[in-house]
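Asker: Sequence and computational prediction follow.
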Amino acid sequence: AGPGAADGHEAGTVHVAVVTSQGSLSRELHLEGDRDAVRDGATTAVLALAVGVLDVT
């Protein structure tokens, strides 16, 4: 969670997943910006993934 690469992963690399009784979906994201921007982007991405999986409109 530092400002640079860690364990061979570029800064801004985030893994998100949604799991339901019917399966799971996961995504690897490469986000830019400071820590808050990466958190915001990850939150937005996982919520969009959940909406798609749950077919919520």
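Answerer: That came through, no problem.
Asker: Roughly how far does Leu49 sit from Ala11?
Answerer: Note on Leu49: its distance to Ala11, by CB to CB, to the nearest Å, is 22 Å. In short, each C-beta sits where N, CA and C put it, glycine included.
Asker: now Gly23
Answerer: To Ala11, Gly23 is 31 Å away according to CB to CB.
Asker: more crowded one of the two?
Answerer: Under the criterion of other CB atoms under 10 Å, the comparison of Gly23 against Ala11 puts Ala11 first, with 17 against 8.
Asker: Would you check that the more buried one makes contact with Ala5?
Answerer: Yes - using CB atoms under 8 Å, Ala11 is in contact with Ala5, at 5.7 Å.
Asker: what sits in contact with each of the two?
Answerer: Shared contacts of Ala11 and Ala5 (CB atoms under 8 Å, 6 or more residues apart in numbering): none.
Asker: in a strand, that's where Glu32 is, yeah?
Answerer: No - per DSSP: H, G, I helix; E, B strand; the rest coil, Glu32 lies outside any strand segment and is coil.
Asker: Leaving aside the residues adjacent along the chain, what's closest to it?
Answerer: Gly12 (5.6 Å; CB to CB, 6 or more residues apart in numbering).
Asker: Now do the helices in the protein.
Answerer: According to DSSP state H, the chain carries its helices in the segments 35-54.
Asker: which sections of it are below the confidence cut-off?
Answerer: Low-confidence segments of the chain, defined by pLDDT under 70: 1-4, 56-57.
Asker: what about the residue nearest to Glu32, distance to Ala37?
Answerer: 9 Å.
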